[in-house]
Every structure is written in C-alpha cells, then in structure tokens.
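Colleague: model this:
(chains A, B and C)
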Amino acid sequence: MFGEILKNVHQKTPLVHCITNYVTVNDVANMLIACGGSPIMADDEKDAVEITAICNALVINIGTLNERTISTMLKTGKRANDLQHPVVLDPVGAGASKLRTDTTFKLLEEVRFSVIRGNISEIKTVFRGSGITKGVDADASEAVTDKNLDETIALAKELSAKTGAVIAISGATDIVADANNAFIIRNGHPYMSKVSGTGCMLTAVIAAYCAANPDNHLKATAAAISAMGLCGELAYERLVKNDAGISSYRTYLIDAMSKLDEDTLKGGIKIESR
Amino acid sequence: MFGEILKNVHQKTPLVHCITNYVTVNDVANMLIACGGSPIMADDEKDAVEITAICNALVINIGTLNERTISTMLKTGKRANDLQHPVVLDPVGAGASKLRTDTTFKLLEEVRFSVIRGNISEIKTVFRGSGITKGVDADASEAVTDKNLDETIALAKELSAKTGAVIAISGATDIVADANNAFIIRNGHPYMSKVSGTGCMLTAVIAAYCAANPDNHLKATAAAISAMGLCGELAYERLVKNDAGISSYRTYLIDAMSKLDEDTLKGGIKIESR
Amino acid sequence: MFGEILKNVHQKTPLVHCITNYVTVNDVANMLIACGGSPIMADDEKDAVEITAICNALVINIGTLNERTISTMLKTGKRANDLQHPVVLDPVGAGASKLRTDTTFKLLEEVRFSVIRGNISEIKTVFRGSGITKGVDADASEAVTDKNLDETIALAKELSAKTGAVIAISGATDIVADANNAFIIRNGHPYMSKVSGTGCMLTAVIAAYCAANPDNHLKATAAAISAMGLCGELAYERLVKNDAGISSYRTYLIDAMSKLDEDTLKGGIKIESR
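Modeller: Predicted coordinates:
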C-alpha cells in the first residue's frame, strides 16, 4: 500500500504551492522536488490566490509570518478549499507568541485543513489554545513516550474529529490519526532535530503525498512521515560513514529522499496501526 | 574568445545587485561568488536605488514578488539604466499569474534590459503576452526540440529586435540571440532541473559576465550559459561517482563553477552560431 | 577558559532570536544549532517583541532591511534590553547606503548592544559615520594589517568606550575589544570570504556564546571568533582532501562547528591579548 502511495507521487509530480517561512524555504523547495513533487512559492495576495489555482496542494506554514502574509494565507486557503485541493497546516511556534497562536486559530476558523502537522507542543496549542512551546521546538516535558502514547493518540483523534483534519504529531515516535484510526511510526533519527526545517520539509512532503493520493489522506500522511523518517535513518548511516556533521546531514536527508524507491520504503517502514 | 570572457569576470569581480526571490537567494549569492562575481541583495526602495549605484550590474527576478518589491524593481531598474549598468530580467513564472505577467510587461515598458532569460514558456509570455506556464517550469508541450529550433530562434531574434535585449531561452537546448545573431548551446544535464533555482543562479551569472564584458552582451550571455551547462555536466559526473542525490548535486554545481578555469571552459563548450 | 565557555554553550543550548537578512538566514539557523544553540526567527513587530522574551539573546542584522523590519529591530532591541538579554548588532553594509548607515545610528541611539561585529569598513562607519564600504565586503584599502594593528585596536577600544559594546572587527586578523582590553585572533582561512554569510553566521554564534556566558562578553566573543576561525581552518583541510569547491566549504564549515569539542578548540586557538 505504501509503495503504491509513493508510486503515485512519482507518477503525478504534484505541484505544491507553499506559503512558508523564509528560513527553510529553499530546503522545502528542494525536498519537494526530491520527493517527486514540484514547488512553487508565492505569498503576495494578488499572486498567491491565482497561483494556488494551478497547483495540486497548498502548504500554510506560519513561521516568520507577518500581517501581509497572514492575509494571504487566509484568502489563499479559502481559494484552495473552493478548488478542493488538500491544504496542510504547519503551525510553527504556535503557543510561542500571541500572534502565532491567534493566527493558528483564525486559520482553523476560516480554512478547512486536510492535515495539521506539528510537534506535540504545537498540536497541544491547537487543541486547547495553549501549550508549552519553547520557540520552535517541543518542550521536553511534553515529549511523546510509551507511557503517554495512548493518551496522545486519544488527543489526536479528538482533535481530528473537531477539525476534520488528519493530525500528525512529530517526535521520536510519530503519531498520525483521523477521528477513528491512528498510525504509530517509529522511523527517524534524533539527528533530524539537528537540522533547521525538517518539520517544514516534512509538511511539504505530506502535501505532495496527499495531492497524489486524494482518496486517503490518513495513509498518505503516514507514508510521507515514514518516508521522511527512513531518509533520516539512511542519512545518518551516510553521516557515520563519512564522519560528517549536521550540514552534510541536511544534504544527505534530501539526497536520500531523491533516491527513495518503493522497495526501500516498503522494506524500511516501521509502522503499526491502532 | 569565451576564455577571455571568463578571464574578465575573474579579474574584475563584478558586484551584482540582485532583487530576487527569497526561495533561491542564498544559492544565487554563492553562485555569484563561485563564478567570480560578488553579490549584494537589497529590495527596499530607499536602500536599493542607492545600492545599485555602487554595483556593476542589476538582476531583477520576479519570483516571490510583492507590491513593495515591484515598486523597488521599477525604480532601481531605471536608476541602473541611467548609470548604464547591464540589467538582466528573469521573468520567473510569467504567465502563471496575472500579477507576474503584468509586472513583466510593466518592467519591459519602464526599464531597458540588456538580457532577458527564462524558460520557453516564460519567454513566449514575454513575446505574445500569454504562455502555457506550469508554475515555474516550462510546459512540456512547448519544449525546444530540433524540430522547432529554427522557429524558436526566429522568435528569439524578433523579441530581441522588439526589446533591445539579448534573449536567452533555457532548456535542454539553450538559445541565445540578439536581433541578428543566435547561438545554440548544447551543454547542461537534465539533472539541473532537479535543483530549485538553477535558472535564478544562471541569470545572476549572466549579469556578472555582462558586467565584466560590456562590449558584447550576446557573447557574454552565451559564455555564461555554456559555463553553467558545463558545470552541470561536471556536477553530474561527481554525483555518479559518489552515488549522491539532488542536494549534493546543488553543492557540486556551485563547486564546479568555483573551480572552472579558462581551459576547462574552452575544452567543454558545445556551441554553434546561426 | 575558552574550553569552559564552549562547555557552557553546549550545556545551556541558548535560544537565539535573530532578526536577520533573508539571504543567509538558513545558514545562520543551522550554524546556531551547530554551535550548540537553538535559533528562532521572527521579524513582525507583533511577533518579535514577544518571541524575544522567551529567548536568551537577540541578533540584529541589517542586511536586506526594510521599513517594516527596521521598526521591529528598534522595538525588539529595546525589549531585549529591558530583559537584560545580550543584543548583538551586525551592521551589514553600513556605509553602502544612507538607509543602512542611518539605521545603524538609529539602532545605536535607541538600543544598548552587548557586541557589535562587522568588517573594518562597517566598524569605521559605526565609528565616524562614514567608511569606504564596497557592498558587503570591506574595502581592501582599509584592511587590518600588522602595520595598522595598534591603531585599529585603539579605534576598537574607543568605540567600545563610546557605545558600551564589545567591538569585534572581522578580517584576516580579528580584533575583539572592550574599552580596556583587546584580543587579537589569528584563526581563520581566506576561503571563509568565499562563502556568503560567514559574517552573519559568526554574529549569531557570538550571541549564543554571550548568552551562555553572561559574565564575560569580551571573552565569550573572542572564543566565538576563535571557534569560527578554527572551523574555517578545519573546513579548508577537508576541502583540499576532497578537491571540493566553495559550496562544499560552506557545508564543511557548519559540519566542523557541529563537531567542535573543548579539546579541539583549546588546541587550535591562536589568540593573544593586548
């Protein structure tokens, strides 16, 4: 099944419109190409509403947001909704400032999201309007562990029921859930948190996977997260071999995605459903 | 001749002012250094009009344009015209939205360009006011082939006569033309389209080459395109050797440009004139 | 002592808020992670004033400034002052345009800086209101040499007395001074100037080092500069070994910082005090 999902991405080359932060935007663009999609970035209202119409999916990432881009996010999100394109939200740093938290809620009110992906602190902020967000990283006290796994899955399902979106919680253990079903994914490597923007990149990959697999956003999201985690593992092997550091790791991560085929994904995936 | 052109770039270290998109701006900066130039970016009107005066060339790239930067492009372009600096236009995604198309025409009305570089869809948009632009990539149905080569060269020459600019059409086969003469360049590698921003980088390299070779923008542009294509070939050899992926390829491309010397360029160039 | 300073950074993982240019922002983010810190970027007034409160230091880098971000720099700088966070200024291109020079002086009037880091041309602009700034690089005629070293140290000390900030002058020989003491650092490699943004990255590393070593900003700044220079040397060794170019060098530089330990720093540092 996950092989099929990857095949669809490679065959359809979905065009993904990203309204995203300027910190990691280049890595997002290259990761989108690497995963089999094609990126386009536009954040001016007049440009973006029209650009999104020629695309197959929209990413809204609120890092480095400002008044101009917030307005664009709202209008473009609604346009993508009208066109029934998948829209994926990355609430970067929600909880860290009032503007980020308020913008997240405004977006949830006005735009229907197919998927919401964040770390546990960001997702808790989305859930209950407040989280312990230490900047753009999750707070250690909120980390998903085997102990609180069931509780976190329940939270994800409840939030999915409330928003209609697939909920993806990134961390050492990843959780993906809709209102009824959840996947637990154990791919990935701690080194992924040593590269700025792995979350942003993953969000864009999820959008490409959902665009190419419109009938099952839950499984498409799970496949995207597994693929990204597996690439993180492969990149780490190469890092060790080359005695390299974190900037090489970023390169290896994107490289791995550009070389990922169905057999590697099927062989490397560590997933269970609940 | 092309060796001489490269030598001039290396000797003069032209300072190139770029008003460019935030997606690929870092690669543009490093590629400019790699090719022998020096980059400076400024997009606030008050800053840019003055910055351009201390530079040797100006790049206007309309990716991720917005109202503020459009105004800066117009005023800075005119200032560069007054100072007789070469000004190079990259109409990224022209045809993909009304704002991008309108901005392109407004720029063509108010600024004199030395070179206009784009893919075939973008150049057709510039030519006839509409093209089939699939986001930031050319539409496959418009690709330049041996069959439509003569026709495309004629289009380039006509557009050059109309605008006064050297026209550079990037693709598997590259075409560079002024009103009377054309070059066909067969350097490059398909992998170049797997890296976000190779077009943006090339546009900046063209600006550096034109700044250092003011007497012949046609040949300077052809040399820049050949150099970039050749680096794409050398980068691919290194990719195969290292069993690497697309992010490494980006690194190899810039590396190759930083190591390109006259002999390598003269030995590797694949060009014919028409 | 410098080993201790590095240890503090690694143990405290200071969160550094950067208001910085969009050209080199991604390298700044990854370099911050590499050096042991954690980055967050926010430049909208409403967001940034609040974000800075959860951070441990603030970087203000005026490259690609605009009216919106200038206002944010001023308000956020004052907020960081209120909270007694170290604030580090990078006056990129001060002297190259009236807007950049004026903004630098406005910032110096309204915000107390812990450290000001720039090349000699930028620092001279800060000192006397005018410098010979060739874009974002120092003018060769102003380079710090053994001949003018004493004079330059005197200038740095005087500027420190005037501003209350530690003054860091980057170049082939680096100078760090407060009103009474100076360090001369001879680490580094000429290749560092071949990568866009090494200055921006260094400024962010200084902020992380100062945040983790609040009692001695002079020594923390000197340690940061030594660490960066040493990484430049290690990166060059790897470049030679791999016959690589400038884009690989950028990767190697960040890699080296991510692997730098106390013993390597203590063994490689080339510093003298005056």
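Colleague: So residue A:102: helix, strand or coil?
Modeller: helix (DSSP: H, G, I helix; E, B strand; the rest coil).
Colleague: Just confirm residue A:212 contacts residue A:15, I think it does.
Modeller: No: counting by Cβ atoms under 8 Å, residue A:212 does not reach residue A:15; the two are 10.7 Å apart. From N, CA and C alone the C-beta is placed, and that goes for glycine too.
Colleague: and for those two, which residues touch both?
Modeller: A:37, A:56 (Cβ atoms under 8 Å, 6 or more residues apart in numbering or on different chains).
Colleague: Please list all residues in contact with the residue of the stretch 51-200 of chain A found nearest chain B.
Modeller: Across the stretch 51-200 of chain A, no residue is closer to chain B than residue A:51, which sits at 5.3 Å (Cβ to the nearest Cβ). The neighbourhood of residue A:51, defined by Cβ under 8 Å, 6+ apart, consists of A:17, A:40, A:42, B:93, B:96-97, B:135.
Colleague: How about residue A:97?
Modeller: Contact analysis of residue A:97 by Cβ under 8 Å, 6+ apart lists C:42, C:46-47, C:50-51.
Colleague: Count the residues that sit near residue A:91.
Modeller: Counted by other Cβ atoms under 10 Å in any protein chain shown, the residues lying close to residue A:91 total 30.
Colleague: Ok, residue A:81 next?
Modeller: When neighbours are defined as other Cβ under 10 Å, residue A:81 has 16 of them.
Colleague: Which residue, other than its chain neighbours, is closest to it?
Modeller: Leaving aside its sequence neighbours, residue A:81 sits nearest to residue A:112 (Cβ to Cβ, 6 or more residues apart in numbering or on different chains; 5.2 Å).
Colleague: before we move on, back to that, assign a three-state SS to the residue of the stretch 51-200 of chain A closest to chain B, would you?
Modeller: With three-state DSSP as the basis, residue A:51 sits in helix.
Colleague: Look up how far residue A:191 lies from the residue in the stretch 151-274 of chain A that chain C sits nearest to.
Modeller: Going by Cβ to the nearest Cβ, chain C is nearest to residue A:245 of the stretch 151-274 of chain A, at 2.9 Å. For residue A:245, the distance to residue A:191 (Cβ to Cβ, to the nearest Å) stands at 10 Å.
Colleague: ok, now residue A:238?
Modeller: 11 Å.
Colleague: Look at these two and report which has more neighbours.
Modeller: Legend: neighbour count by other Cβ under 10 Å for residue A:238 and residue A:191, higher for residue A:191 (21 against 18).
Colleague: ok, that one touching residue A:249?
Modeller: Yes: using Cβ under 8 Å, residue A:191 is in contact with residue A:249, at 5.6 Å.
Colleague: which residues are common contacts for those two?
Modeller: Shared contacts of residue A:191 and residue A:249 (Cβ under 8 Å, 6+ apart): A:235-236, A:239.
Colleague: does stretch A:7-17 come close to chain B?
Modeller: Yes: counting by Cβ under 8 Å from any Cβ of the partner chain, chain B has neighbours in stretch A:7-17: residue A:15.
Colleague: Any idea how far apart the tips of that stretch sit?
Modeller: End-to-end distance for stretch A:7-17: 21 Å, by Cα to Cα, to the nearest Å.
Colleague: Now do it: distance to the chain's middle.
Modeller: What separates the centre of stretch A:7-17 from the centre of its chain is 16 Å, taken as Cα atoms, centre = their mean, to the nearest Å.
Colleague: same check, this time on stretch A:103-110
Modeller: The answer for stretch A:103-110 is 17 Å, by Cα atoms, centre = their mean.
Colleague: still on that earlier bit, output the contacts of residue A:97 in JSON lines; the columns should cover distance to residue A:10 and pLDDT.
Modeller: Shown next, in JSON lines, are these (distance: Cβ to Cβ, whole Å; pLDDT from 0 to 100):
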{"residue": "C:42", "distance to residue A:10": "37", "pLDDT": "98"}
{"residue": "C:46", "distance to residue A:10": "42", "pLDDT": "96"}
{"residue": "C:47", "distance to residue A:10": "38", "pLDDT": "97"}
{"residue": "C:50", "distance to residue A:10": "43", "pLDDT": "97"}
{"residue": "C:51", "distance to residue A:10": "39", "pLDDT": "97"}
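Colleague: Spell out which residues of the stretch 1-150 of chain A are next to chain C.
Modeller: The stretch 1-150 of chain A comes close to chain C at residues A:21-24, A:26-27, A:63-67, A:93, A:96-100, A:134-137, as judged by Cβ under 8 Å from any Cβ.
Colleague: And these, which of them are buried?
Modeller: The neighbour-count criterion (16 or more other Cβ atoms under 10 Å in any protein chain shown) marks A:21-24, A:26-27, A:63-66, A:93, A:96-97, A:99-100, A:134-137 among the residues of the stretch 1-150 of chain A next to chain C as buried.
Colleague: pull the helix or strand with minimum mean pLDDT from chain A.
Modeller: Lowest mean confidence among the helices and strands of chain A (mean pLDDT, DSSP states H and E): strand A:133-134, at a mean of 56.
Colleague: C-terminal to it, what's the next element?
Modeller: Note on strand A:133-134: by DSSP states H and E, the next helix or strand toward the C-terminus is strand A:137-138.
Colleague: Relative to the whole chain's centre, how far out is that next one?
Modeller: That offset, for strand A:137-138, works out to 15 Å (Cα atoms, centre = their mean).
Colleague: Repeat that for stretch A:108-122.
Modeller: Using Cα atoms, centre = their mean, the offset of stretch A:108-122 from its chain centre is 10 Å.
Colleague: again, but for stretch A:261-270
Modeller: The chain centre lies 19 Å from the centre of stretch A:261-270; the measure is Cα atoms, centre = their mean.
Colleague: Kindly report the same for stretch A:115-129.
Modeller: Here the centre of stretch A:115-129 is set off from its chain's centre by 12 Å, with Cα atoms, centre = their mean.
Colleague: how about it: buried residues?
Modeller: Neighbour-count burial for stretch A:115-129 flags A:115-127 (criterion: 16+ other Cβ under 10 Å).
Colleague: Kindly report the same for stretch A:162-170.
Modeller: Residues of stretch A:162-170 classed as buried by neighbour count (16+ other Cβ under 10 Å): A:163, A:165-170.
Colleague: Out of those residues, list just those in strands.
Modeller: Among these, the residues falling in strands (DSSP state E) are A:166-170.
Colleague: Where does pLDDT dip in the stretch 1-150 of chain A?
Modeller: Filtered on pLDDT under 70, the stretch 1-150 of chain A yields the residue ranges A:129-136.
Colleague: Chain B contacts on that one?
Modeller: Proximity of the stretch 1-150 of chain A to chain B (Cβ under 8 Å from any Cβ) is limited to residues A:15, A:22, A:25-26, A:29-30, A:33-34, A:38-44, A:46-47, A:50-51, A:54-55, A:68.
Colleague: How about the contacts made by the closest residue to chain B within the stretch 151-274 of chain A?
Modeller: Closest to chain B within the stretch 151-274 of chain A is residue A:255: 2.9 Å, counting by Cβ to the nearest Cβ. Residue A:255 makes contact with A:34, A:235, A:238, B:244-248 under the criterion Cβ under 8 Å, 6+ apart.
Colleague: Which secondary structure state is assigned to it?
Modeller: Look at residue A:255: counting by three-state DSSP, its state is helix.
Colleague: you'd agree residue A:272 is in a strand?
Modeller: Yes: assessed with three-state DSSP, residue A:272 lies in a strand.
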